[in-house]
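Please work out how this folds:
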Amino acid sequence: MIKYLGSKRLLVERIVSLCETLRPHSGTVLDLFSGTSRVGHALKRAGFGVYANDHNSYAHTLAMCYVQAHAPRVERDATRIIDELNALPAREGVFTENYCRASRYFTPENGGRIEAMREHLETLDLGPELRAVVLTSLIEAADRVDSTTGVQMAYLKSWAPRALKPIELRLPRILPHPDEYPCRAFNLDALDAAHGISADIAYLDPPYNQHSYLGNYHVWETLVRWDHPETYGVACKRIDCKERKSAFNSKVKIEDALRSVIDAIDAKTLIVSFNDEGYLGREQIESMLSPIGPVAIIDHDHPRYVGCKIGIHNQRGEKVGRVGKVRNTEHFFIAGEGAEMFIEDAESRSVVTAG
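Numbers count the residues shown, from 1 in each chain. The predicted structure is shown next:
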């Protein structure tokens, strides 16, 4: 899966374990801010029915591939189309000009091949799941040959070694559906999804500070939409990065936004994942969840995103800052049905430690 700021790659097993403890015989989980769908994919593999939602088009495409697509239904055709795309020669156009010459996300050779593949996809009459699988294959292949530190706010002064390799598409690791539960992907505002989708467990991993996922991954948004937007700045961002603002990226608005979503959710249990670099503190989130019932809080220490170590140079390669802290704490808040067992477990371990 793609490199992603805020990815739960290191925490996926813990999240799945929490859900399995809460629902030992499986059930349904709403992943309200699905991002790469890494969590939804793991929950689907564990036998849960998953409802994955994200308002960005690239994230919805990833969710269509990793959550909604049923492997036996699409694998054969996806493999055939991926082979066709891999055989296409380069074809330079607007995408190559914007992201390989005006900026340096990809070499012109790889950019031209990305452009040819994406143009060819526009000529094919594919169902939504098959289209998402092939598009995901293209995004992931492009991610393997990009020249960034993992976000698309800037690009490296010199080509990253991986950027010099020829792009090659691979079939994504899609899964069959669980026998008993549905798996669906939605492209809704978080509040609309909270109002409209019911589940046994709701998992919330919202944006938590000023970093906009649309701004950080605007190239993937363009690759999915293929709308050739007006761009601005040295990063060649989509112009709508200025217009599509999320309340979750606002220090002033995030508290009301999260509270509204929590109040709207129809689920037996809520799990909220929130980073210690976020705009909200533990006490604020606990207060939002307390009307649901007892709230358990589990802290998980883990390494910070790799960009904190290498992303301290400007676009000219000049050092502009020092490495800060290299570890984060992820707070898992559990409220509603089943939260008591985590509170009791924490108290039990506290007593043992004290003794």
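
Report the residue ranges of every domain in this protein.
For the chain, the structural domains run 1-55+64-69+179-207+268-355, 70-173+211-245, going by automatic domain parsing.

tell me the contacts of residue 129?
64, 65, 68, 69, 70, 73, 74 (Cβ atoms under 8 Å, 6 or more residues apart in numbering). Yep, even glycine has a C-beta here, placed from its N, CA and C like the rest.

oh sorry, the question was meant for residue 189
Contacts of residue 189 by Cβ under 8 Å, 6+ apart are residue 55.

My understanding was that residue 340 contacts residue 294; is that so?
Yes - under the criterion of Cβ atoms under 8 Å, residue 340 lies in contact with residue 294, with a separation of 5.7 Å.

Return the distance of residue 200 relative to residue 22.
Applying Cβ to Cβ, to the nearest Å, one obtains 8 Å for the distance of residue 200 from residue 22.

do the same with residue 281
Per Cβ to Cβ, residue 281 is found 25 Å from residue 22.

Of the two, which one has the most company?
Relative neighbour count places residue 22 above the other of residue 281 and residue 22, with 21 against 12, counting by other Cβ atoms under 10 Å.

and the more buried one, what is it in contact with?
The contact partners of residue 22, taken as Cβ under 8 Å, 6+ apart, are 200, 201, 269, 271, 334, 337, 338.

give me that answer again for 7 Å
Residue 22 makes contacts with 201, 269, 338, as judged by Cβ atoms under 7 Å, 6 or more residues apart in numbering.

I'd assumed the first one was in a strand, is it?
So that's residue 201. Yes - counting by DSSP: H, G, I helix; E, B strand; the rest coil, one finds residue 201 located in a strand.

number of nearby residues for it?
Neighbour count for residue 201, taken as other Cβ under 10 Å: 24.

ok, what's across the strand from it?
According to DSSP bridges, the partner residues bridging residue 201 are residue 29, residue 269.

mind checking how far it is from residue 332?
For residue 201, the distance to residue 332 under the criterion Cβ to Cβ works out to 12 Å.

Now list whatever residues contact both of those two.
Taking Cβ under 7 Å, 6+ apart as the contact rule, the neighbours common to residue 201 and residue 332 are residue 271.

Would you mind pulling the contact partners of stretch 246-255?
Contacts for stretch 246-255 (Cβ under 7 Å, 6+ apart): 206, 207, 210, 212, 257, 279, 280, 284.

sorry, back to before: quick one, which of the domains of the chain gets closest to residue 261.
Put simply, out of the domains of the chain the one that sits nearest residue 261 is domain 1-55+64-69+179-207+268-355, at 4.9 Å, with distance taken as Cβ to Cβ.

Tell me how many other residues surround the residue nearest to residue 150 when sequence neighbours are not counted.
Using Cβ to Cβ, 6 or more residues apart in numbering and skipping the chain neighbours, the partner closest in space to residue 150 is residue 3 (4.0 Å). Neighbour count of residue 3, defined by other Cβ under 10 Å: 19.

before we move on, what SS does residue 3 have?
Reduced to three states with three-state DSSP, the structure at residue 3 is coil.

got a pLDDT number for the closest residue in space to residue 208 that isn't next to it in sequence?
What sits nearest to residue 208 in space, not counting adjacent residues and going by Cβ to Cβ, 6+ apart, is residue 278, at 3.2 Å. With respect to pLDDT, residue 278 has a value of 89.

Next up, identify which helix or strand the spatially closest residue to residue 91 that is not a sequence neighbour is on.
Of all residues not flanking residue 91 in the chain, residue 116 sits nearest, at 3.8 Å (Cβ to Cβ, 6+ apart). Counting by DSSP states H and E, the element that carries residue 116 is helix 108-122.

Show me what that helix is packed up against.
With contacts defined as 3 or more Cβ pairs under 7 Å, 6 or more residues apart in numbering; DSSP states H and E, the secondary structure elements packing on helix 108-122 are helix 94-96, helix 128-144.
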